[in-house]
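need coordinates for the below:
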Amino acid sequence: MKKLLLTLASTIFSTALIYAQCSTNSTPGNTSATSCVCKDGTTTDCDLLPDIIIGPPPFYATDNFGIIEFAQTGNPNPADNAKLKVTVSTPNIGHGPLELRTTNTFVCGTDTFYGSAPSICPDGITYPKILINQRVYHKNGNTMSFSDHAAGTMTYHPTHGHMHVDDWGTYTLRTATSNPDPTAWPIVGAGAKLAFCVEDYGTCNTYPGHCVDAAGNTLLSGDFPNYGLGGGAYNCDPNVQGISSGFVDIYWTDLDGMWVNLPPCLPNGIYWLVCKVDPNGNFEEESENNNVFAVQYELKKQDPLALINTDGNLSVCQGTPMQLTVPGAGTYQWSTGATTQDIQVTTGGTYTVSLTSGCGNTSTASVTLNTISVAAPSTTDDYLPAAGSGTLTATGMPTGIMKWYDAAVAGNLLYTGNSFTTPLVNATTTYYAEDNDFIPGPVSHAGPLSNAIGSGTYNTSNARYLIFSAYKSFTLVSVNVVAQSAGNRTIQLRDNVDNVVLSTTVNIPAGASTVPVNFNIIPGNDYRLGLSNSSVANLFRNDGGVTYPYNVNGVLDITSSSAGSSYYYFYYDWVVKEADFDCAGPRTPATVHIGPVGINDFDFTKTVNVYPNPSSALFNISFVAFNEANVQLNITDVAGRMVYNTEEQKVKGLYNKAIDLTGNAKGVYVLKITCGNQIHYQKITLD
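The predicted model follows:
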């Protein structure tokens, strides 16, 4: 039986409707057609026909209530092997009910039985079929009448325990051609013609988005002038079944026969699920041109096709391994000669792989990587007479980021910047500078650049969305929209079962504008980019010139919309930014030297520091005596007269001296420092 039962409310509704001024009551002298409206809205003498369509929403859900793909083998329930299960809804958007009634005529093959039928046909296998009629209601002024028309057969369904209408729908998986008729495309997989128990399962309000007009706009109960005509309570009665005007019938994936059989060795890829209701044309309807629905669907669990996944951007840092992987199972032949499922590369170039699946199908894929090279930086050592903290410098690219490590390979990151003050060191210690080239993530555009691709109109339904898959992380920076009116809209990113993942509310002006989004999107299949339930759409969408998929190679594919591949909803010119990354160059050593190495290895003059200079009287003088030496300080004025003199014996290491020149005239003086056999001169100023 179906998942849900009709509620008591619907029964009460149908009872009240019988006595309304638009009901199927056709007793003599009735006025039941008084309020009924003909299709053209003007005449008063017409058949009130149904119009059965296939509801779009189930075909955009990839869960237990939409489309489910099963692999050829290995599923928890072996009965699911090699199946593509589907949920199908069949709304009635016409002005009259679809009402089906049994007759007293039964058939078993070429045998016909009248009045009553055997419980099983003479072959002992099949069940008898009963001929059925479609009851068509007719409005003539205020009076309601009806006529019955042959409409095929019903068969008893032993699993469900009730009668099912035969040949209600067909479901096929096909490959598209240039033929505009999807039912003429080549079939790669098909389900049997399915029998349905036709009933009022819910209303167009209960299942919003299932009932749509020819332009794809959602129809709700108030959009049907003869809403509920038929009573709203058709069920699995053995004698009368049907769908009232503005009501929906649904069959779910877990019911018998709701699948397409997938043949062995069918390659993964993009196909079309093509569904047709009333394929034999048994029923009279307002339109016979809306009984077919086709939706694009990507198989991912069948025979694999070659595909190369990278572990980063399509740029490889020179010398840094990047892994290239083929996700499908089979045998592999890379252009490098490797035969493994994945390889590691350290240089750019084009890499190709051939994948031969277990079915013997061979496919190829290639990827082109750019090489980014970073030069080694130049560094400057530091010299300390004793334990202390050194200052090391490194110079690289103007836009580079310098990083300091404690090892030539791997090691710990100690500091980021060109000038590195080391920790306290007790002995000569070497550090390593590495220049990093900051690589901004590539920025790409996806989707049509504008709504100028073809015909379209403003859409009021906030239930519409685009469907896309992300193959690597990226930021959706902005989109372009064309609004009929200004106002706040809440843009939502939802997953494939309609959970909200990200959301932003933006004020969109009337006309064309660029809308900031800034969604950080991680890899995933069948995302939905749409609007919140509280948003008023009034945004432009195309119904002409649409050519899915729209993609950024290796990043994302926009594959369809909530109303199928003939429509493109709202969001144009996606600005897509991939993640930033760094490329590191070779490391260059830089050393803090502690203590002397040789008698002439160090020049003390490079360490002299006199401060403050100028000064009003007091000066501090410091330097490093790398080897033991006598130190003499002399200060003379511009006339060569000595104003200060001191000498110290056997100085080694850091030397500090404070000098007081109080009482001397303002002006320039010359400081002479003698350290062993080295001399340093420096001007000092009294101010």
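
in stretch 271-283, what's buried?
Using 16 or more other Cβ atoms under 10 Å as the test for burial, stretch 271-283 gives 271-278, 282-283. Quick note: C-beta positions are derived from backbone N, CA and C, even for glycine.

nope, stretch 282-291 is what I meant
Those would be 282-286, 290-291, for stretch 282-291 by 16+ other Cβ under 10 Å.

got it, and stretch 205-216?
Taking 16+ other Cβ under 10 Å as the criterion, stretch 205-216 shows 207-212, 216 as buried.

same list (those residues) but as JSON lines, adding secondary structure, pLDDT and distance to residue 533.
Shown next, in JSON lines, are those (DSSP: H, G, I helix; E, B strand; the rest coil; pLDDT from 0 to 100; distance: Cβ to Cβ, whole Å):
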{"residue": "207", "secondary structure": "coil", "pLDDT": "88", "distance to residue 533": "15"}
{"residue": "208", "secondary structure": "coil", "pLDDT": "81", "distance to residue 533": "9"}
{"residue": "209", "secondary structure": "coil", "pLDDT": "83", "distance to residue 533": "12"}
{"residue": "210", "secondary structure": "coil", "pLDDT": "91", "distance to residue 533": "16"}
{"residue": "211", "secondary structure": "coil", "pLDDT": "93", "distance to residue 533": "17"}
{"residue": "212", "secondary structure": "strand", "pLDDT": "91", "distance to residue 533": "17"}
{"residue": "216", "secondary structure": "coil", "pLDDT": "81", "distance to residue 533": "18"}
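
out of these, who's nearest residue 470?
The nearest member of those to residue 470, counting by Cβ to Cβ, is residue 209 at 24.0 Å.

TSV for the buried residues of stretch 205-216, including distance to residue 265?
Converted to TSV, the buried residues of stretch 205-216 look like this (distance: Cβ to Cβ, whole Å):
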residue	distance to residue 265
207	37
208	40
209	36
210	35
211	39
212	37
216	36
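
nearest to residue 233 among those residues?
residue 207 (16.9 Å).

returning to that earlier point: and the buried residues of stretch 282-291, which two are furthest apart?
Largest pairwise distance in the buried residues of stretch 282-291, by Cβ to Cβ, is 16.1 Å, between 282 and 290.

what's the closest non-adjacent residue to residue 615?
residue 686 (6.8 Å; Cβ to Cβ, 6 or more residues apart in numbering).

that neighbour pairs with what?
Going by DSSP bridges, residue 686 is paired in beta bridges with residue 615, residue 667.

what sits against it?
Shown in contact with residue 686 (Cβ atoms under 8 Å, 6 or more residues apart in numbering): 614-617, 661, 664-667, 669.

so it versus residue 656, what's the distance?
21 Å (Cβ to Cβ, to the nearest Å).

my guess is residue 73 contacts residue 81, does it?
Yes - using Cβ atoms under 8 Å, residue 73 is in contact with residue 81, at 5.5 Å.

among those two, which residue is more densely surrounded?
Taking neighbours as other Cβ atoms under 10 Å, residue 73 and residue 81 compare with residue 81 leading, 13 against 9.

now that one: phi and psi?
phi -50, psi 140 (degrees, to the nearest 10).

residue 321 versus that one, what's the distance?
39 Å.

before we move on, back to that, nearest to residue 635, out of the buried residues of stretch 282-291: which one, please.
residue 290 (104.9 Å).

check whether that closest one really touches residue 213, as I assumed.
No - at 9.3 Å, residue 290 does not count as touching residue 213 under the criterion of Cβ under 8 Å.

check contacts around residue 190.
Applying Cβ under 8 Å, 6+ apart, the residues contacting residue 190 are 170-173, 260-261.

and if you look at residue 506?
Here residue 506 is in contact with 488-489, 491, 515-517 (Cβ under 8 Å, 6+ apart).

now which of those would you call buried?
For the contacts of residue 506, buried by 16+ other Cβ under 10 Å: 489, 491, 515, 517.

where does the first one land in three-state SS?
Reducing the assignment to helix, strand or coil with DSSP: H, G, I helix; E, B strand; the rest coil, the entry for residue 489 is strand.

identify the bridge partners of it.
residue 506.

from residue 681, how far out is residue 646?
Counting by Cβ to Cβ - residue 646 and residue 681 are separated by 16 Å.

swap that for residue 652, sorry
22 Å.

and what of residue 269?
83 Å.

so which of these two has more stuff around it?
A count of neighbours by other Cβ under 10 Å puts residue 269 above the other of residue 269 and residue 681, at 14 against 11.

ok, the more buried one touching residue 297?
No - look at residue 269 against residue 297 with Cβ under 8 Å: they stay out of range, at 10.0 Å.

let me see the confidence value for the residue nearest to residue 156 when sequence neighbours are not counted.
Nearest non-adjacent residue to residue 156, counting by Cβ to Cβ, 6+ apart: residue 127, 4.7 Å away. Residue 127 carries a pLDDT score of 85 in this model.

cool, thanks, talk later.
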